[in-house]
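predicted model, plus sequence, below.
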Amino acid sequence: MNQEVNWLERIQETASFIKQKVGGEMPKAAIILGSGLGNLVNEIDIKVAIPYSEIPNFPISTVEGHKGQLIFGNLGDKYVMAMQGRFHYYEGYSMKEATFPVRVMKAIGVKVLCVSNAAGGMNPNFRVGDVMLITDHINLFPDHPLRGKNYNELGPRFPAMNEAYSHRILDLARNIAKENDIRLMEGVYVGTQGPTFETPSEYRYFYRIGGDAVGMSTVPEVIVARHGDMEVFGLSVITDLGGEGIFVDVSHEEVQQAASKAEPIMSFLVKEIINKLEEV
């Protein structure tokens, strides 16, 4: 039995385990919480929490600040699934391993995926602590999560990426920010392998090719979600700055601190967006 067939079996096995563990109706919306953004779970009326270590076929998050569990509960009036801690290519996982949870989300019936992350900003209008609405991305990862034999059970061979981030949800987020006087930036997220932070020359390069912020996650997850016809929206917290004439030395601890300060705004936006989506 080849590796690709095993992935299909693993997805179904894991989805069946989660359905049995959670019981009842499955959520239609899922949230992937990035570095320093796990506190959104404080807004969720938790019904079930499952550590990754208990879930068949799930990787284990090795990054500080990523707790490592699936949360099921009510965020406002909506029943959601939250992934508290994600998996990264730089941790040594393959692209299929890193995006495996998104496949499982699709298998249990998730239709809308919210992705969040901490990112370095290249746009000169950005400030540390800003929240950026992701309007598009540039994929600079050295591998692709859809590489290999395609199975129609998961999605088409050549999925369109002209609307990786839902235009209607982008408009909804803009309206929510305007109504609540929130400084919400917009931009293109550049996805890179990591785990090193960017050099000054890399920051300049990413900005010149059309990027506004850069990070080490999100893009593979969004590709797999769109491959499975899930609707996606994404938010980045700008935790450090670089680019033309701007470079600030940064550590992982400082990224976490900046993300934590912006977390209340992020949590509010995610909660409002999900609660205003009728289909979830």
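Ah, there it is.

break down the stretch 101-250 of the chain into its strands, ranges please.
Along the stretch 101-250 of the chain, counting by DSSP state E, counting those that start in this stretch, strands occupy 112-121, 131-139, 184-191, 213-215, 231-243, 246-247.

any chance of these in JSON lines with distance to residue 76 and mean pLDDT as columns?
All C-beta spots, glycine's among them, are computed from the backbone N, C-alpha and C. Output for the strands of the stretch 101-250 of the chain, formatted as JSON lines (distance: least, C-beta to C-beta, whole Å; pLDDT from 0 to 100):
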{"stretch": "strand 112-121", "distance to residue 76": "13", "mean pLDDT": "94"}
{"stretch": "strand 131-139", "distance to residue 76": "19", "mean pLDDT": "97"}
{"stretch": "strand 184-191", "distance to residue 76": "19", "mean pLDDT": "97"}
{"stretch": "strand 213-215", "distance to residue 76": "27", "mean pLDDT": "96"}
{"stretch": "strand 231-243", "distance to residue 76": "16", "mean pLDDT": "90"}
{"stretch": "strand 246-247", "distance to residue 76": "38", "mean pLDDT": "61"}
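
tell me which of those sits nearest to residue 257.
strand 231-243 (8.2 Å; C-beta to C-beta).

what about the closest residue to residue 74 other than its chain neighbours, how many residues close to it?
Sequence neighbours aside, residue 45 is the residue nearest to residue 74 in space, at 4.3 Å (criterion: C-beta to C-beta, 6 or more residues apart in numbering). By other C-beta atoms under 10 Å, 9 other residues sit near residue 45.

after the helix or strand that contains residue 45, next one along is what?
Using DSSP states H and E, residue 45 falls within strand 44-51. Counting by DSSP H and E, the next helix or strand C-terminal to strand 44-51 is strand 69-75.

show residues contacting that next one.
With C-beta atoms under 8 Å, 6 or more residues apart in numbering as the test, strand 69-75 has contacts from 18, 22, 27, 31, 40-41, 43-52, 55, 79-85, 270-271, 274-275.

neighbouring strands of that strand in the sheet, and parallel or not?
Paired neighbours of strand 69-75 in the sheet (DSSP bridges): strand 44-51 (antiparallel), strand 78-84 (antiparallel).

ok and the last one relative to strand 112-121, angle-wise?
Comparing the axes of strand 78-84 and strand 112-121 via axes from the mean of the first three to the mean of the last three C-alpha atoms, to 10 degrees yields an angle of 40 degrees.

same check on the longest one?
Regarding strand 44-51 and strand 112-121, their directions subtend 80 degrees when assessed with the same axes, to 10 degrees.
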